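Engineer: I'll drop the sequence and a predicted model, then ask my questions.
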Amino acid sequence: MKIGKQPLSSTHPEPPTGGCPFMELAQLKPSSDARFEGEGGLAPRLDGNPVHGTNITDVYKVYICKHSEHAGTILVKRLGGCGDDRRFSKDAAYAAHARKLGPAEIDVWLEGPELINVGWGPGAKYNRGCVKELMYNLTTPGRYHVNVVVGRENYVGALELEGAGWPVAHYDQPLGSQVFLDIGGPAPTTETMQGILVGRGLPLCNLNPPTAGPVNISWYSSGPLDGRWVSNSPADHFRPLDSVSFVPKETWEPESGRGVTMRPWLWHERYKWVPNQCGIRTFTSEQARSCLAGKRVQVRGDSHGRQLVNALAGFLCGGTGITQGVVHQSWCLKPTGECSASFMGATTICVVHDPLGGGAGLWAPADGNTAAPDLIVANFGQHLADGSHRWPNKKYRDLIDTFIESLLAGGAGNPSRDRDEKLARLRRRFLWMETNAMSFRKDSFAQGTNDWRTNTRISIMNEYANAKMRKLGVGIIPTFAQTIAMTQTQPDPAHVNHKVLENSVVQHIFQFLCGQEKLPN
């Protein structure tokens, strides 16, 4: 672990403490390949934000304060020029949320037995003076690769003033590729890891909100939405003495249509999403088919909904990479593999193409049946910020308010029913899916269409939508938290891999529908 005390001098002013006693604050020393984007020296700063030095170590410092063997604070400080006072929006409410996140989009992955991105975690906050405070809490001991990437600066990721074009991004690495953090304790065994994966010793998550009365801010009965990805193997994540590989061992192109060479360390299929404070039951394909038998599931939204339905198909029907349907259209799954015609005759799983959240026919059957869906999973967000739309946050907030009115108006199927009855049915049959995090990309498509999708913008959209959904008491699938950790590892620059969805969102759906039932042997 490359850590050293940071001496005080005129060139290195006293570092931020983040509530940590100064003598316990240590600098994470960068490896020799710490860099601005571009291998041939100082890369041009396309965002116009001046660089105060010729090396990234003259611009960024990263510190760590350990609170315990497993928890601590990572602080990322820019030495001036961070754009604290930049005006980026006329919307005061939106600007206030963005200023809490800070002017820079900073991803800090801890990659090892667990995989998290603390740059966007619940403990992340920005302190004026160019300091981002990031909390980590790892439950699995071992060696972790510390991967820090500064993507956007100077509130570019939040910019929504008239005439704003593509929010310029850079792939800058203040620590380089060879910095590690050792989390104390004995190395976990395979049995220990399996216990973590199933939540051994923890109460079973109850993803079903109460059908009456108020609900807590969390929709898990035994823990908040602060889960993490946990490896299915206790070791062999990487060999610390190796040079970083630009291409994981699995077949994957390093540029992958993103317009930048990325440096991920880990492969996404090794991990399962695990809540921190309760255990989530893992369904087998056979158990999942039993759970969905005779039920009607409708997934509404954009291509991420289509990707989710195809991940469901791959898991249910005994194959991976199953792709059905047509892009940007509504359709229902057809029999395939172990999902026989007799099974699909009683079970319907449909995509409703609704990328702008119109909500038309929200509770109407999508497959011609007379019965309303047993479950609706809905999301819209990505397309509203894409290059064809570039909606300001206020317009998104208004859309969420209108969508909720549609939920309540049709949620009970009978306008005469009172609000409590409508809410009870809504809570049993509806899940809101957070808008997925955006993978890092600066390819010609993103730049040429002036694509506004940034994780600053998406996280603020999610914050508003989640608050509204929690007030209703409906379930929220934490897909932003899940996907923000995977933004470097996805071969598709626009969508989430089927296997990642199978190990997270897909299991949440089964848990919601059948989690409290006794499963077949």
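Structural biologist: Good, I have the coordinates.
Engineer: buried residues in the one helix or strand Glu405 maps to?
Structural biologist: Using DSSP states H and E, Glu405 falls within helix 393-410. Within helix 393-410, the residues that count as buried by 16 or more other C-beta atoms under 10 Å are Asn393, Tyr396, Arg397, Leu399, Ile400, Phe403, Ile404, Ser406, Leu407, Gly410. All C-beta atoms are positioned from the backbone trio N, CA, C, and that covers glycine.
Engineer: quick one: it to chain centroid distance?
Structural biologist: A distance of 23 Å separates the centroid of the chain from that of helix 393-410, by C-alpha atoms, centre = their mean, to the nearest Å.
Engineer: now stretch 181-189
Structural biologist: 26 Å.
Engineer: check what contacts it and list those residues.
Structural biologist: 1, 64, 69-70, 110, 112-113, 138, 140-144, 146, 196, 234-235 (C-beta atoms under 8 Å, 6 or more residues apart in numbering).
Engineer: pull out the buried positions in it.
Structural biologist: Leu181, Ile183, Pro188.
Engineer: next one: phi and psi at the second one?
Structural biologist: For Ile183, the backbone dihedrals are phi -90, psi 130 (criterion: degrees, to the nearest 10).
Engineer: go on, the first one?
Structural biologist: Geometry field for Leu181 lists phi and psi as phi -130, psi 120, criterion degrees, to the nearest 10.
Engineer: the residue lying closest to it once chain neighbours are set aside: what secondary structure?
Structural biologist: Take Leu181 and drop its neighbours on the chain: the residue closest to it by C-beta to C-beta, 6 or more residues apart in numbering is Tyr144, 4.6 Å away. Per DSSP: H, G, I helix; E, B strand; the rest coil, the local secondary structure of Tyr144 is strand.
Engineer: can you name the residues that contact Tyr144?
Structural biologist: Tyr144 neighbours (C-beta under 8 Å, 6+ apart): Leu110, Glu111, Gly112, Pro113, Glu114, Leu138, Phe180, Leu181, Asp182, Ile183.
Engineer: need the buried ones from those selected in ChimeraX.
Structural biologist: Listed next is the ChimeraX selection for buried residues among the contacts of Tyr144, using 16+ other C-beta under 10 Å:
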select :110,111,112,113,114,138,180,181,183
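Engineer: for Trp166, state which of the contacts of Tyr144 is nearest.
Structural biologist: For those, the closest approach to Trp166 (C-beta to C-beta) belongs to Glu111, at 28.7 Å.
Engineer: thought that closest one was touching Val148?
Structural biologist: No: using C-beta atoms under 8 Å, Glu111 is not in contact with Val148; the gap is 11.3 Å.
Engineer: sorry, back to before: of the buried residues of stretch 181-189, closest to Ile476?
Structural biologist: For the buried residues of stretch 181-189, the nearest to Ile476 is Ile183 (29.4 Å; C-beta to C-beta).
Engineer: any idea how far Gly142 is from the closest one?
Structural biologist: Look at Ile183 and Gly142: by C-beta to C-beta, to the nearest Å, they are 6 Å apart.
Engineer: ok, now Leu384?
Structural biologist: 40 Å.
Engineer: any low-confidence regions in the stretch 151-300 of the chain?
Structural biologist: 214-225, 234-256, 264-267 (pLDDT under 70).
Engineer: give me that answer again for 90
Structural biologist: 162-163, 171, 177-178, 182-228, 231-271, 275-282 (pLDDT under 90).
Engineer: and the helices in it?
Structural biologist: 190-198, 285-292 (DSSP state H, counting those that start in this stretch).
Engineer: buried ones in the last one, by neighbour count?
Structural biologist: What it means is helix 285-292. Ser285, Gln287, Ala288, Arg289, Cys291, Leu292.
Engineer: nearest spatial neighbour of the last one, chain-adjacent residues omitted?
Structural biologist: Read it as Leu292. Nearest to Leu292 is Thr347, by C-beta to C-beta, 6+ apart, at 5.4 Å.
Engineer: if we can go back for a sec, of Leu384 and Gly142, which one has the most company?
Structural biologist: Leu384 (25 against 20; other C-beta atoms under 10 Å).
Engineer: isn't that one right up against Leu399?
Structural biologist: Yes: with contacts counted by C-beta under 8 Å, Leu384 reaches Leu399, the gap being 7.4 Å.
Engineer: what touches both of these two?
Structural biologist: Leu356, Gly357.
Engineer: mind checking pLDDT for Cys332?
Structural biologist: Looking at Cys332, its pLDDT stands at 92.
Engineer: how far away is it from Val179?
Structural biologist: Cys332 is 49 Å from Val179, by C-beta to C-beta.
Engineer: also Tyr136?
Structural biologist: Applying C-beta to C-beta to Tyr136 and Val179 gives a distance of 14 Å.
Engineer: ok, now Leu399?
Structural biologist: Counting by C-beta to C-beta - Leu399 and Val179 are separated by 42 Å.
Engineer: where in the stretch 1-150 of the chain is pLDDT low?
Structural biologist: For the stretch 1-150 of the chain (pLDDT under 90), the answer is 1-25, 33, 35-55, 58, 67-69, 80-83, 111-113, 121-123, 127-129, 139-143.
Engineer: show me the helices in it, by range?
Structural biologist: Using DSSP H, counting those that start in this stretch, helices in the stretch 1-150 of the chain cover 92-101.
Engineer: residue boundaries of the strands in it?
Structural biologist: 3-4, 25-28, 60-66, 71-78, 105-111, 114-117, 125-127, 131-137, 142-152 (DSSP state E, counting those that start in this stretch).
Engineer: put together a markdown table for these, with distance to Leu423 on each row.
Structural biologist: A markdown table is the format used below for those (distance: least, C-beta to C-beta, whole Å):
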| stretch | distance to Leu423 |
| --- | --- |
| strand 3-4 | 51 |
| strand 25-28 | 48 |
| strand 60-66 | 44 |
| strand 71-78 | 38 |
| strand 105-111 | 37 |
| strand 114-117 | 34 |
| strand 125-127 | 33 |
| strand 131-137 | 34 |
| strand 142-152 | 39 |
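Engineer: how about the ones you listed, which one is nearest Pro203?
Structural biologist: Once those are compared by C-beta to C-beta, strand 131-137 is nearest, at 19.2 Å.
Engineer: any residues in contact with both of Ile183 and Gly142?
Structural biologist: Joint contacts of Ile183 and Gly142 (C-beta under 8 Å, 6+ apart) are Gly112.
Engineer: quick one on the thing from earlier: in a markdown table: the buried residues of stretch 181-189, plus distance to His495.
Structural biologist: Output for the buried residues of stretch 181-189, formatted as a markdown table (distance: C-beta to C-beta, whole Å):
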| residue | distance to His495 |
| --- | --- |
| Leu181 | 31 |
| Ile183 | 32 |
| Pro188 | 32 |
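Engineer: just the buried residues of stretch 339-347, please?
Structural biologist: Cys339, Phe343, Met344, Thr347.
Engineer: dump those into JSON lines; add pLDDT as well.
Structural biologist: Shown next, in JSON lines, are the buried residues of stretch 339-347 (pLDDT from 0 to 100):
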{"residue": "Cys339", "pLDDT": "92"}
{"residue": "Phe343", "pLDDT": "92"}
{"residue": "Met344", "pLDDT": "91"}
{"residue": "Thr347", "pLDDT": "94"}
